[in-house]
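> Sequence and predicted structure below; questions after.
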Amino acid sequence: MAALKRTIDLSGEDLQEAWQDVRNDASNTNWVLLTYGDKGEIVLRGKGSGGLNEMKRKLHDNQIYVGVVRVRAVDEYGSHRAKFVYINYVGANVPTLRAARASTQRSDFERFFHGYHIQIYANTLEELSEEHIIDLLQACAGAHKPQAYEFS
C-alpha cells in the first residue's frame, strides 16, 4: 500500500462525470464512491443505481472511501426531493497513521462533493444503516419533514 500524497487530484474526468451523474435527477445513478489507488492517487471505486446497499457492498474494512449517495425524500403530497449524503468511511482495519494522514484531505473531498445535506464519518457498516441516515436527515429537515425516504 503506497503512502498517501500530500495533495489529492480530483480533476479526473471520470471522477467529475460520476459526481455530476449522481447530482443529475434525470440519471439513475444514485451513488459514487472514491478510494485511494495503489500509488496514493484518488480513483473511482464505483458508481451505480442500486442505492446505499449496493454502495456498501463495495466497502472493505482495510480501505478508506469517500462518496455520496442520493436519497429521495417523499412527503405526504407525493413530492420527491433529492437529499445527498456525504460518506467518509475509514475501515476498522485501516492503520492509524494512514487514517490520520487521510483526515488531512477531508476538506478537499468535502469541497469536491459540494451541495450535500448531511455528513457521515463511519468506521463500520452499521454506522451506515438506513435508520441512522433517516435520523440524521430528519434532524436537519426543519418544519417540513418528509414521511419517507427512498434509498434506491
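That came in fine, so what should we check first? Numbers count the residues shown, from 1 in each chain.

> use CA for all of it now, contacts and neighbours both
Noted.

> ok, now how distant is the closest residue to Ile134 other than its chain neighbours from Tyr86?
Spatially, and ignoring its direct neighbours in sequence, Ile134 is nearest to Tyr149 (7.2 Å; Cα to Cα, 6 or more residues apart in numbering). Remark: distance between Tyr149 and Tyr86 (Cα to Cα, to the nearest Å) = 16 Å.

> again with Cys140
Taking Cα to Cα, one finds Cys140 at 14 Å from Tyr86.

> Show me which of the two is the more surrounded one.
Using other Cα atoms under 10 Å, the more surrounded residue of Cys140 and Tyr86 is Tyr86, with 24 against 12.

> Could you check which helix or strand contains the residue of the chain positioned farthest from its centre?
In the chain, the residue that sits farthest from the middle, by Cα atoms, centre = their mean, is Tyr77; the gap is 28.2 Å. Tyr77 is part of no helix or strand when elements are defined by DSSP states H and E.

> I'd like the distance between it and Gln147.
Distance, Tyr77 to Gln147, using Cα to Cα: 10 Å.

> now do Thr124
27 Å.

> what does Ala139 give?
Counting by Cα to Cα, the gap from Ala139 to Gln147 is 13 Å.

> Same question for Asp135.
12 Å.

> swap in Leu136?
For Leu136, the distance to Gln147 (Cα to Cα) stands at 14 Å.
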